[in-house]
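Chemist: here is a sequence with its predicted model. Questions after.
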Amino acid sequence: MAMKIRLARGGSKKRPFYRVVAADSRMPRDGRFIEKLGTYNPLLPKDSEERVKLDMERIQYWLNEGAQPTDRVSRFLEAAGVVAKKERANPKKAEPGKKAQERAEEKAAKAAEASEAAAEE
């Protein structure tokens, strides 16, 4: 049985609240789970201690049993120091789009012309 440690959504419309659960990977996101391991409330400020609550002993147990955390849960575990930090490389995400690059090139060309004109005077 392939186990996952993942988020199960609760809360009402536009007011998300998540439970961190250990579940069979074949079950639906909000469906049957084996054990509740914590909670995550994204509406609270990032520095709030109530935002992410995790039962570290049980999470460690499930990790030792072979459960794989999802990306969001692994970020919580990295912040808690339970799991080693993964290298995430998405260099294209930081690059501006084509039009923004064209505007930047035009702006640089105008600045170069202005500096040349100032140097001639």
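Modeler: Structure's in. What do you need? These numbers were taken from a predicted model, which means no experiment stands behind them.

Chemist: next, the contact list for residue 85, please.
Modeler: Shown in contact with residue 85 (Cβ atoms under 8 Å, 6 or more residues apart in numbering): residue 78. Where you see a C-beta, it was placed from the backbone N, CA and C, and this is true even at glycine.

Chemist: kindly recompute the last result at 10 Å.
Modeler: 74-75, 77-79 (Cβ atoms under 10 Å, 6 or more residues apart in numbering).

Chemist: do you know how far the closest residue in space to residue 83 that isn't next to it in sequence is from residue 45?
Modeler: Leaving aside its sequence neighbours, residue 83 sits nearest to residue 77 (Cβ to Cβ, 6 or more residues apart in numbering; 4.1 Å). Plainly put, residue 77 is 21 Å away from residue 45 if you go by Cβ to Cβ, to the nearest Å.

Chemist: give me the more crowded residue out of the two.
Modeler: Per other Cβ atoms under 10 Å, whichever of residue 77 and residue 45 has more neighbours is residue 77, with 21 against 7.

Chemist: just how off-centre is the helix or strand that contains the more buried one within its chain?
Modeler: Residue 77 is part of helix 71-80 when elements are defined by DSSP states H and E. Here the centre of helix 71-80 is set off from its chain's centre by 8 Å, with Cα atoms, centre = their mean, to the nearest Å.

Chemist: CA atoms of it as PDB?
Modeler: Output of helix 71-80 as PDB, limited to C-alpha atoms (Å, rounded to 0.1, in the frame of the first residue of the first chain):
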ATOM      1  CA  ASP A  71       5.500  18.900  -1.600                       C
ATOM      2  CA  ARG A  72       3.600  21.200   0.700                       C
ATOM      3  CA  VAL A  73       3.900  18.900   3.700                       C
ATOM      4  CA  SER A  74       7.600  18.300   3.000                       C
ATOM      5  CA  ARG A  75       8.000  22.100   3.200                       C
ATOM      6  CA  PHE A  76       6.400  22.100   6.600                       C
ATOM      7  CA  LEU A  77       8.700  19.200   7.700                       C
ATOM      8  CA  GLU A  78      11.800  21.100   6.400                       C
ATOM      9  CA  ALA A  79      10.800  24.100   8.400                       C
ATOM     10  CA  ALA A  80      10.400  21.900  11.500                       C
END
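
Chemist: this completes my enquiry, with thanks.
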